[in-house]
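>>> Model the following, please.
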Amino acid sequence: MPRPCNSQKVEINLFHPANLNLNELNTTLTGLRNIPALKKGIILINTYIIKKTFGRTENTFGNAYIPVHSDIFRRFIGDDYPQVVERLITNRLLERLECDEHGNGRGILADGRTVDYSKGYYQKPSADCSFQGQSKSYRIPNHLYGKDIKFIRQKETVTKRGTQKLNAVNHRTKGITEKYREYVRSMMRTVVILDSVLSRAAIEALWAENSVRLTAEDFIDIFNHSPFNETVVDFFGNRVFSQVVYSPKSIREFYRFRDDLDSPIVELDIVNSQPAIFASLSANLIMRFAPECDEAIPYFEAVANCEDYQFFQQLCFDGTIYETISDRFNRMYGEKLMMPLSRKDAKTVFYTAAYSDYEYLDSLNIHEVQHKLNSSLAYGVETDIEKYQKQLHSVRSFEVFKSLFPSVHRLFTQLKTLNWPHLCAKQYANNCLLAQRVESSLIFTVLVKALVNAGIEKVVTIHDAIFLREQDEAQAREIIQTELSNLNLKLKLKPARHK
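Modelled structure (predicted):
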């Protein structure tokens, strides 16, 4: 949050990469109007990208590339931002994502479409604006990071108008606007990291293993005091996202509400949430929490009496789904593994088998993939080793899941054929979208609502988990279990895990 300086101005902390030479930036901008204002705008964009990436550790498509909406560029750089951005990219001061998740950048695709992402990969919103699309994505080039000090912090004073621009970015909406999602959005802006010896040690450990890009001091400062504290409701699953969600799990125990630093925050998490949500889905539940997905109802009704589907439900409700998956995986492939698959690893098996592109997985031959991996290991081609190890794990996960739950696999296959372009840009993710929308509606419109109405107002969420003050935990558990029982749901909360 901006720190008050006087009634008209506020003092903020900005960050830029350590090797960004501000004098050389003048040369890059030569010939453009109002260079001092452009430089400040560029530093603000750098701060925005740093804030969106500083706590992320996942290795996903477009890693470290951050979608930056044109409105954000326009607010801080001006209407001629495209010219400025091209200057920055040409001079290696900014990088832009110029391919899709399959590596397609320019040319004719197998389906006949012609693509050209040389000016940045993006997805257009749907005509009715129900799908918000994806903005072009950018990242700070690696060579701009310092070896020991990756970023430079500088204090800047901004006017009331500048503060309004920052607030406009922080309050940008995406997805639906619903009362209790908006409530959690506002509460997320009040969450800070407790600055203590233990929290600094935890962050320094992440820094040492290169899992975060800031030292403990800078990490806490940018989390607690950055001018950017954006919270959005994503359109895909209607979940709320913010730095509270993105930051590493090991830091969460140090979360506090800004006006109550003495109260620890605890997590209330649903057991086996994703598979258990699927196991709970019915016509009534879909119509209440995700009516836009009602085309899925007949497929759930078709498998309701299948023996393996009921077995899947039983495992999800009694909390042994991941143990069962790991046991089957080890029986099928254990002799080829360096160590047995654990329960924790079985989660990735479920997510891979449930949410991947089935056409892609069907195209993989497990013996061919194994042969390619063996060849890569023999010749030490690191990039191919990683690629084929991932492919082999994916196809093994797929086979394990199909062998255990053929009816569930058939259900997921059918859901992935539904034509929901207004909801989901990637058809194979239909089942994931359905699960997330039901889950998030349950979390916000039932559970968060009940907690707030009972007077437990300090509450935020991370996907299917609810975070609140330790002193509110006992009452919250009773409220949540009562609400789940009222819906005839067999979902259960994980036991308390206080230190």
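>>> can you tell me which helix in the protein is longest?
helix 382-404 (DSSP state H).
>>> which residues are contacting the helix or strand following it?
Following helix 382-404 in sequence order, the next helix or strand is helix 406-415 (DSSP states H and E). Here helix 406-415 makes contact (Cβ atoms under 8 Å, 6 or more residues apart in numbering) with 278, 296, 299-300, 302-303, 306, 308-309, 312, 353-354, 358, 401-402, 430-431, 434. All C-beta atoms are positioned from the backbone trio N, CA, C, and that covers glycine.
>>> Now helix 406-415: average pLDDT?
Regarding helix 406-415, the rounded mean pLDDT is 97.
>>> Offset the numbering so it begins at 58, please.
All right, first residue 58 from here; so that's helix 463-472.
>>> Can you give me the buried ones in that helix?
464-472 (16 or more other Cβ atoms under 10 Å).
>>> orientation of it relative to helix 439-461 in degrees?
Helix 463-472 and helix 439-461 meet at an angle of 120 degrees, taking axes from the mean of the first three to the mean of the last three Cα atoms, to 10 degrees as the criterion.
>>> Which helix or strand lies directly C-terminal to helix 463-472?
helix 487-499.
>>> So which bits of the longest helix of the chain are buried?
442, 445, 448-459, 461.
>>> quick check, nearest of the residues you listed to Ala258?
Ala258 lies nearest to His450 out of the buried residues of helix 439-461, by Cβ to Cβ, at 33.3 Å.
>>> for the record, mean pLDDT for the helix or strand harbouring Arg144?
For Arg144, the element it lies in under DSSP H and E is helix 138-147. Averaged across helix 138-147, pLDDT comes to 94.
>>> re the thing from before, contacts for the longest helix of the chain, please.
Residues contacting helix 439-461 (Cβ under 8 Å, 6+ apart): 365, 369, 381-382, 385-386, 389-390, 405-407, 409-411, 413, 415, 418, 421, 423, 426-427, 429-430, 433-434, 465-466.
>>> Only whichever of the residues you listed are buried, select them in ChimeraX.
Remark: buried members of the contacts of helix 439-461, expressed as a ChimeraX selection using 16+ other Cβ under 10 Å:
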select :365,369,381,382,385,386,390,406,407,409,410,411,413,415,418,426,427,429,430,433,465,466
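>>> so of the contacts of helix 439-461, which ones are in helices?
365, 369, 381-382, 385-386, 389-390, 405-407, 409-411, 415, 418, 423, 426-427, 429-430, 433-434, 465-466.
>>> By mean pLDDT, flag the weakest helix or strand of the chain.
Least confident element among the helices and strands of the chain, by mean pLDDT, DSSP states H and E: strand 60-61 (a mean of 50).
>>> Surely Tyr240 and Leu508 touch.
No: applying Cβ atoms under 8 Å, one finds Tyr240 not in contact with Leu508, separated by 10.2 Å.
>>> more neighbours, those two?
Between Tyr240 and Leu508, counting by other Cβ atoms under 10 Å, Leu508 is the more crowded of the two (23 against 18).
>>> Tell me which helix or strand the more buried one sits in.
Applying DSSP H and E as the criterion places Leu508 in helix 506-510.
>>> Check which helices and strands that helix sits against.
Under the contact criterion of 3 or more Cβ pairs under 8 Å, 6 or more residues apart in numbering; DSSP states H and E, helix 506-510 touches helix 236-245, helix 530-543.
>>> Using the three-state scheme, assign Val249.
Counting by DSSP: H, G, I helix; E, B strand; the rest coil, the backbone at Val249 sits in strand.
>>> show me what contacts it?
Val249 makes contact with 280-281, 312-315, 318, according to Cβ under 8 Å, 6+ apart.
>>> and those residues as a markdown table, adding distance to Lys97?
A markdown table is the format used below for those (distance: Cβ to Cβ, whole Å):
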| residue | distance to Lys97 |
| --- | --- |
| Phe280 | 23 |
| Asn281 | 22 |
| Tyr312 | 32 |
| Arg313 | 32 |
| Phe314 | 32 |
| Arg315 | 27 |
| Leu318 | 33 |
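>>> In the stretch 158-307 of the chain, where is pLDDT below threshold?
167-168, 182-190, 229-232 (pLDDT under 70).
>>> quick one: the strands in it?
With DSSP state E, counting those that start in this stretch as the criterion, the stretch 158-307 of the chain has strands at 163-165, 171-173, 194-196, 208-215, 248-250, 289-290, 297-298.
>>> from these, which stretch is densest packed?
strand 297-298 (a mean of 24; mean count of other Cβ atoms under 10 Å).
>>> Need the nearest residue in space to Phe346, chain neighbours excluded.
Spatial nearest neighbour of Phe346, excluding adjacent residues (Cβ to Cβ, 6 or more residues apart in numbering): Ser498 at 3.8 Å.
>>> now swap in Ala75 and tell me
Nearest to Ala75 is Gly203, by Cβ to Cβ, 6+ apart, at 3.0 Å.
>>> Check Phe374 too.
Spatial nearest neighbour of Phe374, excluding adjacent residues (Cβ to Cβ, 6+ apart): Lys547 at 4.3 Å.
>>> thinking the one you found is in contact with Gly376, fair?
No: with contact defined as Cβ under 8 Å, Lys547 does not reach Gly376; the gap is 10.5 Å.
>>> sorry, back to before: which is the succeeding secondary structure element to the helix holding Leu508?
Tracing the chain C-terminally past helix 506-510 and defining elements by DSSP H and E, one meets strand 516-519 next.
>>> and that next one, what does it pack onto?
helix 236-245, helix 300-303, strand 522-526.
>>> How many residues are close by Glu349?
Neighbour count for Glu349, taken as other Cβ under 10 Å: 13.
>>> For it, which residues are in contact?
Taking Cβ under 8 Å, 6+ apart, we find Glu349 in contact with 480, 494.
>>> redo that, cut-off 7 Å
Glu349 makes contact with Leu480 under the criterion Cβ atoms under 7 Å, 6 or more residues apart in numbering.
>>> Starting from Thr502, give me the distance back to it.
Here Glu349 is placed at a distance of 15 Å from Thr502 (Cβ to Cβ, to the nearest Å).
>>> Which residue, neighbours along the chain excluded, lies closest to Asp252?
Leaving aside its sequence neighbours, Asp252 sits nearest to Ile277 (Cβ to Cβ, 6+ apart; 5.2 Å).
>>> Give the bridge partners for Phe298, please.
Beta bridges link Phe298 to Val289, judged by DSSP bridges.
>>> Could you measure from it over to Asn431?
Separation of Phe298 from Asn431 (Cβ to Cβ): 41 Å.
>>> likewise Ala507?
Between Ala507 and Asn431 the computed distance is 55 Å (Cβ to Cβ).
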